[in-house]
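Engineer: I need the structure of the sequence given here:
(chains A and B)
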Amino acid sequence: MTAIDDRRGDARAGTRTPLLRARNLVQEFPARAAGGVKGGVVHAVSNVSFDIYPGETLGVVGETGSGKSTLARSVIQAPRPKSGAVEFQGRDLMTLRRRDLKQARRQMQMVYQDPFGSLNPRWRVTELVEEPLRGYGEGNADSRRRRVAELLDLVGLDPSQYGRRRPFELSGGQCQRVAIARAIALDPALVIADEAVSSLDVLIQAQVLNLFEKLRRELDLSYLFIAHDLAMVKQVSDRVAVMYLGQLAEIGPAQDIYRRPLHPYTAALLESIPRVDPVTGTAHKPTALPGEPPSPIDPPSGCRFRTRCPRSQLRCAEVDPVLEERLPGHQVACHFPLDLPDPAMPPGPAGATLAPAPVPASATDPAPTAQTS
Amino acid sequence: MSGKQRTATYPVGDSYVSEGVIAAASSGPAAPGPAGEPGEPLLVVEDLRVQFTRGGRRINAVNGLSYELLPGSMMAIIGESGSGKSVSSRALMGLLPPTATITGSVSFAGRELIGMPEREMRELRGGDIAMVFQDPARSLNPTMKIGAQVTEAIRLHSDSDRKGAHARAIELLRMVRLPAPERRFHEYPHQLSGGMRQRVMIAIALAGEPRLLIADEATTALDVTTQAQIMELLVELQQRLGMAVVMISHDLGLAASYAQDVVVMYAGRAVEHAPTATLFGNVRMPYTRALLGAIPALEREPHSLFEVTPGQPPDLSALPKGCPFRPRCPNALDRCVEMPPFREHEPEHWWACWNPVGDETGNGEQE
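Structural biologist: Below is the predicted model:
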């Protein structure tokens, strides 16, 4: 922990260069309606910028359609984003030729959600793990075999027991371990995990998350960790980015995002998570955020969250909010962030207020709900 | 769960809500519904067993599940994939393929459901007992307009005419707070978002005025903000209509937040069952403990490790002798090769363990 903090401290002081630097990424797709091509553009990622420092985990949370997967794919240039800049290890990926891009991608690997879908069902485990090594012409058959055994050991699969198996002979968690072994086979600097544990059951999920953590420590990996579960992202990340409808709403240190969310959307997301304290067993009952995300084909003007935001004002429709650093290392794109008093001071129905306590209720007061009556 | 009123964090002022009624629903304990005798359970499941034969192997999906459900209450059944939580509810709805062997007893309002002739079952299903599934996109007919699907369900379970059914359908769609129900009535499922489709599924489920609603991972496919909306809706409907709800989920937080009772299943058996606050406040079953330790928690530090349970869920065609959790259990004793009975060890608190959390003993100290 401290090591990471130091690194980040350095980074802020400008003495350390980021591993990955994304600036003003934009990705758009033509929208097709049933039966043919219809006008309209899906604004999947709009003007997103972030950095990942060596050894750091950046978590990205957002709901379906928030553009978090598109963001990951834009980073690895598959497909290339419409505009913006992606600098990885000092090289601008946007302008690299195919062959150079292939070399750069060696250093950044992906792990996807569906463990079965991302492995060739006819290959054996050893072949699956060997493939990236062969693809990049690493070593000879003998050294590759040794490396495969080493990798399988590293991800907690006994090579003698699992090496000959095919994906259908493995459980979901074991498949995901194989996918992780493939991802780390080439000693990458960055691993992008896109909902990598979302399809696993909770006990297996914990095993795989711990594996990610172990590999991070042992191999000094950086992660771009994408998930819809804010609690999970918070527990594995140094910093967390919150996406809404293709834009970054907020980005900052994981603890801060949870303790002092600045964006009303982040606060609403925290409030929506049904949870139970693992120690006391107290439940935190969610409060629903009204409405649904608007269509990314025709996003609202100004702040895209304004149609659901309890603090929305006229200005939110007229002026695009830009990311602004309000706390150290903690940026938010909001005209009326939660560290300011509520702009409206709403004469709300039940006198409901949000302004004085941007901290989720459970952080300070763990037992407002769920007691036996 | 408590009867305390929650404070709304957000003022309700959205067009979405103004369509219907209701601010945040209060969460008082449900009064016994009009449908059931007070105090009499609506549903009694006793020693339910389900086996499938697949490729010559016998898969023991449910292995002696028992529970009772009071009218108008909300119970959660939680467990991982393969724990039998879905199969057991499908068994009582008569929705399993003929390859399934079902034994035991399920009594609904005094009527035995296991072995009930299909014709009678069809009347109950979608009538007194309704079900909402995980994937609203696949549960709806993509070629039929929303309104037609709701109307069809209404006409199946009542003798209302076309006009009456139309009016009732609009009423139901409004009740589930589908925005602009008159317009949505003439739309197809693909024109609706996932949350709206699930609202339509709930409207269809309500068409037969059910006394029991089974929600099988009904919010799992939805985003967390939408999930909170749908759960609020379910709680509100449960209380307003006096309907009992069985909520099947893998999400402990969801169960802890909304259910009054929780059943934890593992390998086809109930392993712990208690009122929600008792269960989570005083966990006795090591498996439940393991689940709680493995879920991500906002309170934990970044990069903190998860409590890990080794191993895999058991192979249902070759269950270990005795307690199925024994090979992974930190509390396992020699004695655990003998199946621990599922018993009410403390008032209203049932568990199946020889060496429960809180009273751990070593192997030497066994009776």
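
Engineer: okay, CA-based contacts and neighbour counts for the rest of this
Structural biologist: Noted.

Engineer: Quick one: end-to-end length of stretch B:238-255, please.
Structural biologist: Distance between the two ends of stretch B:238-255: 15 Å, counting by CA to CA, to the nearest Å.

Engineer: hang on, A:I192 is in a helix, isn't it?
Structural biologist: No: according to DSSP: H, G, I helix; E, B strand; the rest coil, A:I192 belongs to no helix; its state is strand.

Engineer: mind listing the helices for chain A?
Structural biologist: For chain A, the helices defined by DSSP state H cover A:2-13, A:68-75, A:98-105, A:125-135, A:141-154, A:159-162, A:172-184, A:202-219, A:230-236, A:254-259, A:264-272, A:314-318, A:361-364.

Engineer: what's the closest of those helices to chain B?
Structural biologist: Chain B lies closest, by CA to the nearest CA, to one member of the helices of chain A: helix A:230-236, at 4.4 Å.

Engineer: Name all residues that make contact with the residue in chain A positioned nearest to chain B.
Structural biologist: Of all residues in chain A, A:R275 sits closest to chain B, at 3.7 Å by CA to the nearest CA. Taking CA atoms under 8 Å, 6 or more residues apart in numbering or on different chains as the contact definition, A:R275 lies against A:A283, A:H284, A:K285, B:L252, B:G253, B:L254, B:A256, B:S257, B:A297.

Engineer: Please apply the same query to B:A215.
Structural biologist: Residues near B:A215 by CA under 8 Å, 6+ apart: B:M131, B:V132, B:F133, B:Q134, B:V245, B:V246, B:M247, B:I248.

Engineer: can you tell which of the helices of chain A is closest to B:F108?
Structural biologist: With distances scored as CA to CA, the stretch of those nearest to B:F108 is helix A:202-219 (32.3 Å).

Engineer: one step back: show me what the residue of chain A closest to chain B bridges to in the sheet.
Structural biologist: A:H284 (DSSP bridges).

Engineer: From A:Q313, how far off is it?
Structural biologist: For A:R275, the distance to A:Q313 under the criterion CA to CA works out to 32 Å.

Engineer: interface residues of the stretch 151-300 of chain B facing chain A?
Structural biologist: Proximity of the stretch 151-300 of chain B to chain A, by CA under 8 Å from any CA of the partner chain, involves residues B:223-229, B:232, B:250, B:252-254, B:256-258, B:277-278, B:280-282, B:290-300.

Engineer: Tell me the secondary structure at B:E272.
Structural biologist: Note that with three-state DSSP, the state of B:E272 is strand.

Engineer: burial count for it?
Structural biologist: Around B:E272 sit 25 other residues, with neighbours defined as other CA atoms under 10 Å in any protein chain shown.

Engineer: For it, which non-adjacent residue is closest in space?
Structural biologist: Computed as CA to CA, 6 or more residues apart in numbering or on different chains, the closest residue to B:E272 that is not its neighbour in sequence is B:W351, at 4.2 Å.

Engineer: Give me the pLDDT for the residue of the stretch 151-300 of chain B found nearest chain A.
Structural biologist: Taking CA to the nearest CA as the measure, the point where the stretch 151-300 of chain B comes nearest chain A is B:G253, at 3.7 Å. For B:G253, the model assigns a pLDDT of 93.

Engineer: so where is chain A shaky, pLDDT-wise?
Structural biologist: A:1-15, A:33-38, A:345-373 (pLDDT under 70).

Engineer: need the contact list for the residue nearest to B:E272.
Structural biologist: Applying CA under 8 Å, 6+ apart, the residues contacting B:W351 are B:A270, B:V271, B:E272, B:H273, B:R284, B:M285, B:P341, B:F342, B:R343, B:E344, B:H345.

Engineer: got a list of what the last one touches?
Structural biologist: Contacts were defined as CA under 8 Å, 6+ apart; by that measure B:H345 touches B:W351.

Engineer: any idea how far it is from chain A?
Structural biologist: When CA to the nearest CA, to the nearest Å is the yardstick, B:H345 and chain A sit 19 Å from each other.

Engineer: Now do that residue, the pLDDT please.
Structural biologist: On pLDDT, B:H345 comes in at 96.

Engineer: That one belongs to a strand?
Structural biologist: Yes: looking at B:H345 with three-state DSSP, it is inside a strand.

Engineer: ok, now how distant is it from A:E250?
Structural biologist: In this structure, B:H345 lies at 49 Å from A:E250, with CA to CA as the measure.

Engineer: The helix or strand containing B:T225 vs helix A:264-272, what angle?
Structural biologist: Element membership for B:T225, per DSSP states H and E: helix B:224-241. If you take axes from the mean of the first three to the mean of the last three CA atoms, to 10 degrees, helix B:224-241 sits at 50 degrees to helix A:264-272.

Engineer: tally of neighbours for the residue lying closest to B:R343 once chain neighbours are set aside?
Structural biologist: Take B:R343 and drop its neighbours on the chain: the residue closest to it by CA to CA, 6+ apart is B:W350, 5.2 Å away. Residue neighbour count, defined by other CA under 10 Å, stands at 22 for B:W350.

Engineer: now A:F212
Structural biologist: Neighbour tally, A:F212, other CA under 10 Å: 21.

Engineer: Looking at pLDDT only, which of the contacts of B:A215 scores worst?
Structural biologist: When these are compared on pLDDT, B:Q134 comes out lowest, with 86.

Engineer: any idea how far the nearest residue to that one once chain neighbours are set aside lies from B:T226?
Structural biologist: Take B:Q134 and drop its neighbours on the chain: the residue closest to it by CA to CA, 6+ apart is B:A218, 4.4 Å away. With the distance defined as CA to CA, B:A218 ends up 11 Å from B:T226.

Engineer: Same question for A:C316.
Structural biologist: Computed with CA to CA, the distance linking A:C316 and B:T226 is 23 Å.

Engineer: same question, A:Q255
Structural biologist: Distance from A:Q255 to B:T226, counting by CA to CA: 25 Å.

Engineer: Between these two, point out the one with more neighbours.
Structural biologist: With neighbours defined as other CA under 10 Å, A:Q255 and B:T226 compare such that B:T226 has more, 24 against 20.

Engineer: List only buried entries from the contacts of B:W351.
Structural biologist: The neighbour-count test (16 or more other CA atoms under 10 Å in any protein chain shown) marks B:A270, B:V271, B:E272, B:H273, B:R284, B:M285, B:F342 as buried among the contacts of B:W351.

Engineer: Mind putting those residues into JSON lines with distance to A:L200 and pLDDT?
Structural biologist: Formatted as JSON lines, those follow (distance: CA to CA, whole Å; pLDDT from 0 to 100):
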{"residue": "B:A270", "distance to A:L200": "21", "pLDDT": "95"}
{"residue": "B:V271", "distance to A:L200": "21", "pLDDT": "96"}
{"residue": "B:E272", "distance to A:L200": "22", "pLDDT": "97"}
{"residue": "B:H273", "distance to A:L200": "24", "pLDDT": "97"}
{"residue": "B:R284", "distance to A:L200": "25", "pLDDT": "96"}
{"residue": "B:M285", "distance to A:L200": "22", "pLDDT": "96"}
{"residue": "B:F342", "distance to A:L200": "28", "pLDDT": "95"}
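
Engineer: Fine by me, thanks again.
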